[in-house]
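S.K.: I would like the atomic coordinates for the input below:
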Amino acid sequence: MKILFAASEAYPLVKTGGLGDVIHALPRALHQQGVDVRIILPAYRLVLEQISNLRIAGWLQVQGAGRLHEIRILETTDQRLGVPLLLVDAPNLFDRPGSPYLHPDGYNWHDNAERFSVFSRAVAQVASSTGMLDWKPDVVHAHDWQTGLLPAFLKLIPDAPASVYTIHNLSYSGIFSHEEFAQLHLPGEWWSADALEFFGNFSMLKGGIIFADKVTTVSPTYAREIQTPGFGYGFDGVLRSHDHKLRGILNGIDQEIWNPATDPHLPHHYSLKYHYLAGKRNNKKALLKQLGVELKDEQLHTPLLGFIGRLVEQKGVDLLLQIIPHILDNHDVRLVILGSGEKHFENALRELAALYPQRLLLTLGYSEELAHRIEAGADLFLMPSRFEPCGLNQMYSLRYGTPPLVHQVGGLADTVVDATQENLKNNTATGFVFYEPSTGAMLHAIERALDLYKKPASWHKLMRTAMAQDFGWNKSANEYIRLYEEVGK
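M.R.: Okay, the predicted model is just below:
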């Protein structure tokens, strides 16, 4: 089969979150299963600066906000993605500094509605013609709100490919005004509760749900959760009415990049079969030294808790902030935090780090190297997310022998088995789970973990079970292949 992935980011060329990781890993896994996959991205300045071997495949005229855009479709033989890459080159829309979605000063680009509607129109034209590429996909796989209009545009074109639409995070829904709807010259019949209209505005994400042939989310539990008012962000009714085409397929992780036996970011390599206890201990010592804490070997028994993530309420940062003083005042532990986000959370963490020097080790920002080193050096990984469509860090943690402590939502519920006495006895426990987003529930789970940590035999058993889990992409890729076969017939 021939599959075209359309997305707004793909690691390592451009990444702001988990979407970029998926667009890097899933096409590669599909390619290894014999699927003919290509990826198409906007030609951001950041991407063009990384690629030199480009060929112009063709030109398009694409409707924007009151104007036509002359667009080049570029091909490259760059192999960093592992599959062929196409780029939609509209310089006045994408040749800019900053992130794919934000001005360097941190606010949304004023014309995001136009930028991603033009991208979706262009992809629909490329996917529906054999004249430009001498290659026509059987299925177009669109991702998140930035490509939500793509399945809708495909429905306007005779003999267009089928479409699959994946919701990576429902809370980012691409909502814009009626004025922007009109400026984009979208079909008038789309301004309807049965199409794009959403509480007086329009939602690109809703377009993907309505018009795609199949809709997926990134974990089975999240697929059920988003059909409820508590997790649905106003889309729960729409999703319930389209549940016949909704499926939850768990994300995987790239087990070549996230492999403690070969990870180039780690000073000490280890695996389940090769010195995992010594490896964890040595990486912990190196991590603490890197963060300014010098310890003797006999002092390394103090548990090190880790957190990596965006500093936003979704990630449960408010819960974390409330429990830090209690944990550090009442337990002999250290906490390492890596992340950036809302300024009030960053400032609160700075104040706590000043109160607990050498014990609360804070790095604001993001470092790929430090993220890998925290996964390897921490003893317990905290993920108190209020909602989590899939989550990747808990799977990285399992692979690195760092039991995750999670709130039972979304993909966290699908990937972490609580360390109850029964599960420990049955060799199925992989981490610690709490069942409501409260400080009391999270504290209780942390204290259970710290109690178990004092029992080395039980803790090491938990680590071994965690490291034995397989969350590679092969299983998920096979589920997507079956889905493509259903819609591509």
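
S.K.: isn't R38 up against L87?
M.R.: No: look at R38 against L87 with Cβ atoms under 8 Å: they stay out of range, at 11.2 Å. All C-beta spots, glycine's among them, are computed from the backbone N, C-alpha and C.

S.K.: now the protein, which segments are flagged as low pLDDT?
M.R.: 489 (pLDDT under 70).

S.K.: now S438: closest residue in space, sequence neighbours ignored.
M.R.: Using Cβ to Cβ, 6 or more residues apart in numbering and skipping the chain neighbours, the partner closest in space to S438 is L319 (7.4 Å).

S.K.: I figured the one you found was touching F434, is that so?
M.R.: No: counting by Cβ under 8 Å, L319 stays clear of F434, with 9.7 Å between them.

S.K.: show me how this structure divides into domains.
M.R.: Split into domains by automatic domain parsing, the chain comes to 2-252+474-487, 276-467.

S.K.: now those as JSON lines including distance to N259 and mean neighbour count?
M.R.: Formatted as JSON lines, those follow (distance: least, Cβ to Cβ, whole Å; neighbours: other Cβ atoms under 10 Å):
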{"stretch": "domain 2-252+474-487", "distance to N259": "13", "mean neighbour count": "19"}
{"stretch": "domain 276-467", "distance to N259": "7", "mean neighbour count": "19"}
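
S.K.: and L41, which helix or strand is it part of?
M.R.: Per DSSP states H and E: L41 is located in strand 36-42.

S.K.: CA atoms of that strand as CSV?
M.R.: The C-alpha coordinates for strand 36-42 follow below in CSV (Å, rounded to 0.1, in the frame of the first residue of the first chain):
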residue,chain,number,x,y,z
ASP,A,36,5.3,2.5,0.7
VAL,A,37,5.2,5.6,3.0
ARG,A,38,6.0,9.2,2.3
ILE,A,39,5.8,12.2,4.6
ILE,A,40,4.7,15.8,3.7
LEU,A,41,5.5,18.8,5.9
PRO,A,42,5.4,22.5,5.6
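
S.K.: now do the phi/psi pair for S397.
M.R.: Per-residue torsions, S397: phi -60, psi -40 (degrees, to the nearest 10).

S.K.: quick one: residues contacting P84.
M.R.: Listed by Cβ atoms under 8 Å, 6 or more residues apart in numbering, the contact partners of P84 are 37-39, 75-77.

S.K.: and what of E447?
M.R.: Per Cβ under 8 Å, 6+ apart, neighbours of E447: H331.

S.K.: and it, which of the three is it?
M.R.: Using DSSP: H, G, I helix; E, B strand; the rest coil, the structure places E447 in helix.

S.K.: and the gap between it and V487?
M.R.: To V487, E447 is 48 Å away according to Cβ to Cβ, to the nearest Å.

S.K.: do the same with G237
M.R.: 24 Å.

S.K.: also F387?
M.R.: Taken as Cβ to Cβ, the span from F387 to V487 is 28 Å.

S.K.: assumed Y165 was part of a strand.
M.R.: Yes: assessed with three-state DSSP, Y165 lies in a strand.

S.K.: what pairs with it across the strands?
M.R.: Beta-bridge partners recorded for Y165 (DSSP bridges): A142, V215.

S.K.: was I right about it contacting I209?
M.R.: Yes: Y165 is within contact range of I209, at 6.9 Å (criterion: Cβ under 8 Å).

S.K.: returning to what we had before: would CSV of the domains of the chain with distance to D263 be doable?
M.R.: Formatted as CSV, the domains of the chain follow (distance: least, Cβ to Cβ, whole Å):
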stretch, distance to D263
domain 2-252+474-487, 15
domain 276-467, 6
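
S.K.: nearest to P260, of those?
M.R.: Checking these against P260 by Cβ to Cβ gives domain 276-467 as the closest, at 5.1 Å.

S.K.: start to end distance for the closest one?
M.R.: Separation of the first and last residues of domain 276-467 by Cα to Cα, to the nearest Å is 10 Å.

S.K.: what about it, distance to the chain center?
M.R.: 19 Å (Cα atoms, centre = their mean, to the nearest Å).

S.K.: okay, and T402 sits in which element?
M.R.: Applying DSSP H and E, one finds T402 in no helix or strand.

S.K.: show the contacting residues for it.
M.R.: T402 neighbours (Cβ under 8 Å, 6+ apart): 280, 306, 375-376, 378-381, 466.

S.K.: and with 10 Å instead?
M.R.: The contact partners of T402, taken as Cβ atoms under 10 Å, 6 or more residues apart in numbering, are 260, 280, 283-284, 304-306, 374-381, 393-394, 396, 431, 463, 466-467.

S.K.: gap between the residue nearest to R72 when sequence neighbours are not counted and E75?
M.R.: Of all residues not flanking R72 in the chain, D89 sits nearest, at 4.1 Å (Cβ to Cβ, 6+ apart). Distance of D89 to E75, computed by Cβ to Cβ: 11 Å.

S.K.: what touches both of the two?
M.R.: 54, 56.

S.K.: quick one: terminal-to-terminal distance for stretch 140-160?
M.R.: 9 Å.

S.K.: still on that earlier bit, overlap in contacts of L319 and F434?
M.R.: Each of 384, 407, 441-443 lies in contact with both L319 and F434 under the rule Cβ under 10 Å, 6+ apart.

S.K.: just the ones in helices from those residues, please.
M.R.: Judged by DSSP state H, helices contain the following of these: 441-443.

S.K.: now, among these, which is nearest to K2?
M.R.: The closest of those to K2 turns out to be M442 (Cβ to Cβ; 46.6 Å).

S.K.: who's in contact with that closest one?
M.R.: By Cβ under 10 Å, 6+ apart, the residues touching M442 are 316, 319-320, 322-323, 327, 382, 384, 405-407, 432, 434, 436.

S.K.: try 8 Å
M.R.: So M442 contacts 316, 319, 323, 384, 405, 407, 434 (Cβ under 8 Å, 6+ apart).

S.K.: also G411?
M.R.: G411 is in contact with 218-219, 221-222, 250-251, 388-391, 394, counting by Cβ under 8 Å, 6+ apart.

S.K.: re earlier: TSV please, covering the contacts of P84 and showing distance to F119.
M.R.: Below are these laid out as TSV (distance: Cβ to Cβ, whole Å):
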residue	distance to F119
V37	19
R38	15
I39	13
E75	17
T76	17
T77	22
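
S.K.: of these, which is the nearest to L272?
M.R.: V37 (31.2 Å).

S.K.: list the beta-bridge partners for the closest one.
M.R.: The bridge-partner assignment for V37, based on DSSP bridges, gives I3.

S.K.: hmm, it is touching A10, no?
M.R.: No: counting by Cβ under 8 Å, A10 is not a contact partner of V37; they are 11.9 Å apart.

S.K.: quick check, L335 in contact with L305.
M.R.: Yes: assessed by Cβ under 8 Å, L335 is found in contact with L305 at 4.7 Å.

S.K.: and for the two, which residues touch both?
M.R.: Shared contacts of L335 and L305, defined by Cβ under 8 Å, 6+ apart, comprise I327.

S.K.: and H268, how many neighbours does it have?
M.R.: As a burial measure, H268 scores 18 neighbours (other Cβ atoms under 10 Å).

S.K.: give me every residue that touches it.
M.R.: Counted by Cβ under 8 Å, 6+ apart, H268 has contacts 278-279, 282-283, 286, 376.

S.K.: closest one of the residues you listed to Q358?
M.R.: Q358 lies nearest to A286 out of the contacts of H268, by Cβ to Cβ, at 16.3 Å.

S.K.: ok, that closest one to H268 distance?
M.R.: 7 Å.

S.K.: so which strand or helix has L362?
M.R.: Per DSSP H and E: strand 360-364 holds L362.

S.K.: where along the stretch 51-200 of the chain do the helices fall?
M.R.: 91-94, 112-127, 150-155, 178-183 (DSSP state H, counting those that start in this stretch).
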